[in-house]
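What shape does this take:
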Amino acid sequence: MDTYKNCQSCGMPLARDEQGGGTEKSGMKSKVYCSHCYQNGEFTMPDLTVEQMKDRVKQKLVEFGFPRFLTGLFTRNIHKLKRWSPNG
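As a prediction, the model looks like this:
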């Protein structure tokens, strides 16, 4: 299994995940997804669309004090992440 620097669902740097990453069904830490997106081997919001994810991430960035004009920059490649790719 590949190891990623960023969550392959929301794009958050995995190093910034306060829980150290999501969890697989076995209880092992995910090396692909963060704890906000992935728990017990399943997505926490399985029906979310890529556009909804972009909006959620933008909202969180603003909450953390990022200027709104930068949020588009940070979310522009979410659609390229593993979760959102056709063979992800």
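
neighbours around residue 28, how many?
Residue 28 sits with 10 neighbouring residues when counted by other Cβ atoms under 10 Å. For glycine as for every other residue, the C-beta is placed from the backbone atoms N, C-alpha and C.

Residue numbering should commence at 487 henceforth.
Noted, 487 is the first residue going forward, which turns the last one into residue 514.

Need the pLDDT of it.
You'll see residue 514 listed with a pLDDT of 96.

Likewise for residue 554?
93.

Please apply the same query to the one 3 residues further on.
The pLDDT attached to residue 557 in the predicted structure is 95.

so it touches residue 549, yeah?
No - the criterion here is Cβ atoms under 8 Å, and residue 557 misses it with residue 549 at 10.6 Å.

and residue 521, how many neighbours does it have?
Residue 521 has 19 neighbours, counted by other Cβ under 10 Å.

so who does the residue sitting nearest the centre point of the chain touch?
The residue lying closest to the centre of the chain (Cα atoms, centre = their mean) is residue 496, at 2.3 Å. Residue 496 makes contacts with 520, 522, 523, 539, 542, 543, 564, 567, as judged by Cβ atoms under 8 Å, 6 or more residues apart in numbering.

And the one helix or strand the fourth one maps to, what's buried?
For residue 539, the element it lies in under DSSP states H and E is helix 536-549. Buried positions in helix 536-549, judged by neighbour count with 16 or more other Cβ atoms under 10 Å: 539, 540, 542, 543, 544, 547.
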